[in-house]
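Peer 1: I would like to see how this sequence folds:
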Amino acid sequence: MDSTPSGPDAGRRDAEIIGLVGLAHGTSHFFHLMLPPLFPWLMKDFALSYTDVGLLTTTFFVVSGVGQALAGFVVDRVGARRVLFFGIGALSLSGIVLGLSNSYPMLLLTAATAGAGNSIFHPADFTLLNHGISPSRLGHAFSVHGLSGSLGWALAPVFMAGTASLAGWHVAGFAIAAVGAVVMALLWWRRDALGHEALELMVVARDDREEAVKPAAPLAFLSSGAVWLCFAFFFLTTAAFGILQNYAPAILSRVYGVSLVFASGGLTAYLLGSAAGMIAGGFLASRGDRVVTVALTLSALMAMLLATGAMPSFALWLLMGALGFGVGTSGPPRDLLVRRAATSRFGRTSFGRVYGFVYSGLDTGLAVSPLLFGPLLDAGRFQDALIAVAVLQALSLFTALRVGSSARAVVPAST
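Peer 2: Next up, the predicted model:
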């Protein structure tokens, strides 16, 4: 039984939920890049090394990854809306801590606070979308969700670096806290559109009973191979992205002998291609794992071509854009695949904990990637880093195929 609304108002309600959740997700990605654009100022004022500032990023993603696996249980117990408000509030608080910072330990506290706030978004967001959106529009909802995150990434460096240049990095901290406060106020104003926690939990539990889904122990999902495959999939894809996000300009410049400006354009091409792919993926999401397979095959092939080091320099932007397009296109159908494969055995009451755990693989990949592959660059092995991207993309394709076969092997209880 579906608890989502029907009739002429359903489209309007779906659009508002998609917009509100997309705004929240974009805000979380905005705070991902709260600190990195300020590294030049922070390194100068506190005499920090690259290792010191790198630890700030690692702290953010470690706290976020651990917290995300735990946040899903809270979402399933108290409802996604309350948890979403906590996350936005914690992000805003991290900006205040940054603005007040006068030591490196306070910067670490800033990163940890922001990581705690960021940890709740995937379990809360996907629970709200899965419970509140008409099934026929879920692909588009996941597309907007991914695209909003990319927009948050794109806007943050300009906002933070621009504010720091004009008024100092302390003011930049308070300014981003104000952004979080404005988003919180808007979400609170439209909170009724996101549903009522107690009613939603009751409806979902009733639906699971009517569909004969047996209640599972809180940690039962950890016995599911599909859940672990989904976790591995996110770890592999974001570990590959972490290499490009952090090091693509340096890698492409050294391997292909182009300027840093030209190489940086390659990263921009990747991000733009990824955004375009997410839009396309929203329309193709209903085709499921076939789209994921084709898209990730494209990405793996583009990564392999780049890793040869033999491509003409004029083709770098095209290859990077195609690589990003494949990754982006796989996003919305991938999220539907996770929904089907990871929750088919445990019902809709498990959305929070399952999404929280499998998406903690995303934070784990982003946290571990600099630690694993930074030493390659320190040793001057720049082409090996590109080979690592290709290997990780190929492995992510393999895990996606395994997730798809696992999903087909289980008759979904509710999709």
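
Peer 1: so which residue is dead centre in the protein?
Peer 2: With distances taken as CA atoms, centre = their mean, the residue of the chain nearest its centroid is residue 362 (6.5 Å).

Peer 1: from residue 233, how far out is that one?
Peer 2: Going from residue 362 to residue 233 by CB to CB, to the nearest Å gives 10 Å. (Glycine included, C-beta is placed from N, CA and C.)

Peer 1: again, but for residue 315
Peer 2: 28 Å.

Peer 1: what does residue 247 give?
Peer 2: Note on residue 247: its distance to residue 233, by CB to CB, is 22 Å.

Peer 1: of these two, give the one with the bigger neighbour count.
Peer 2: Under the criterion of other CB atoms under 10 Å, the comparison of residue 247 against residue 233 puts residue 233 first, with 28 against 22.

Peer 1: just the buried residues of the host helix or strand of the more buried one, please?
Peer 2: In the assignment (DSSP states H and E), residue 233 maps to helix 225-256. Going by neighbour count (16 or more other CB atoms under 10 Å), the buried part of helix 225-256 is 226-249, 251-256.

Peer 1: now the angle from the next helix-or-strand element following it to helix 225-256?
Peer 2: Following helix 225-256 in sequence order, the next helix or strand is helix 260-284 (DSSP H and E). Interaxial angle of helix 260-284 relative to helix 225-256 (axes from the mean of the first three to the mean of the last three CA atoms, to 10 degrees): 150 degrees.

Peer 1: outside of the helix or strand following helix 260-284, which residues touch it?
Peer 2: Moving toward the C-terminus from helix 260-284, the next helix or strand (DSSP H and E) is helix 289-307. Helix 289-307 is contacted from outside by 240, 277, 281, 284-285, 311, 316, 319-320, 322-323, 325-327, 329-330, 333-334, 337, 383, 386-387, 389-390, 393-394, 396-397, 400-401, 403-404, 407, using CB atoms under 8 Å, 6 or more residues apart in numbering.

Peer 1: again with stretch 309-328
Peer 2: 146, 150, 237, 241, 248, 252, 255-258, 262-263, 265-267, 269-278, 280-281, 295-300, 302-303, 305-306, 383, 386, 393.

Peer 1: buried residues in the strand or helix carrying residue 85?
Peer 2: According to DSSP H and E, residue 85 maps onto helix 80-100. The neighbour-count check on helix 80-100 (16+ other CB under 10 Å) flags 80-81, 83-88, 90-99 as buried.

Peer 1: in terms of secondary structure, what does that helix contact?
Peer 2: Contacts defined by 3 or more CB pairs under 8 Å, 6 or more residues apart in numbering; DSSP states H and E place helix 80-100 against helix 10-32, helix 50-78, helix 104-118, helix 121-132, helix 169-189, helix 197-210.

Peer 1: make a markdown table from the ones you listed and add mean neighbour count and mean pLDDT to it.
Peer 2: Below are those laid out as a markdown table (neighbours: other CB atoms under 10 Å; pLDDT from 0 to 100):
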| stretch | mean neighbour count | mean pLDDT |
| --- | --- | --- |
| helix 10-32 | 21 | 89 |
| helix 50-78 | 21 | 85 |
| helix 104-118 | 21 | 96 |
| helix 121-132 | 28 | 86 |
| helix 169-189 | 18 | 96 |
| helix 197-210 | 15 | 48 |
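
Peer 1: and of these, who's closest to residue 161?
Peer 2: helix 169-189 (8.1 Å; CB to CB).

Peer 1: and the closest one, how far from the chain's centre?
Peer 2: Per CA atoms, centre = their mean, to the nearest Å, the displacement of helix 169-189 from the mean C-alpha position of its chain is 21 Å.

Peer 1: tabulate the CA atom coordinates of it in PDB.
Peer 2: Output of helix 169-189 as PDB, limited to C-alpha atoms (Å, rounded to 0.1, in the frame of the first residue of the first chain):
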ATOM      1  CA  TRP A 169      38.200  34.200   7.200                       C
ATOM      2  CA  HIS A 170      36.500  34.800  10.600                       C
ATOM      3  CA  VAL A 171      33.700  36.800   8.800                       C
ATOM      4  CA  ALA A 172      33.500  34.000   6.200                       C
ATOM      5  CA  GLY A 173      32.700  31.600   9.100                       C
ATOM      6  CA  PHE A 174      29.900  33.700  10.400                       C
ATOM      7  CA  ALA A 175      28.600  34.300   6.900                       C
ATOM      8  CA  ILE A 176      28.300  30.600   6.200                       C
ATOM      9  CA  ALA A 177      26.600  30.100   9.600                       C
ATOM     10  CA  ALA A 178      24.100  32.700   8.400                       C
ATOM     11  CA  VAL A 179      23.500  30.700   5.200                       C
ATOM     12  CA  GLY A 180      22.700  27.700   7.400                       C
ATOM     13  CA  ALA A 181      20.400  29.700   9.600                       C
ATOM     14  CA  VAL A 182      18.400  31.000   6.500                       C
ATOM     15  CA  VAL A 183      18.000  27.400   5.200                       C
ATOM     16  CA  MET A 184      16.900  26.300   8.600                       C
ATOM     17  CA  ALA A 185      14.300  29.000   8.800                       C
ATOM     18  CA  LEU A 186      12.900  28.200   5.300                       C
ATOM     19  CA  LEU A 187      12.700  24.400   6.200                       C
ATOM     20  CA  TRP A 188      11.000  25.200   9.500                       C
ATOM     21  CA  TRP A 189       8.500  27.500   7.700                       C
END
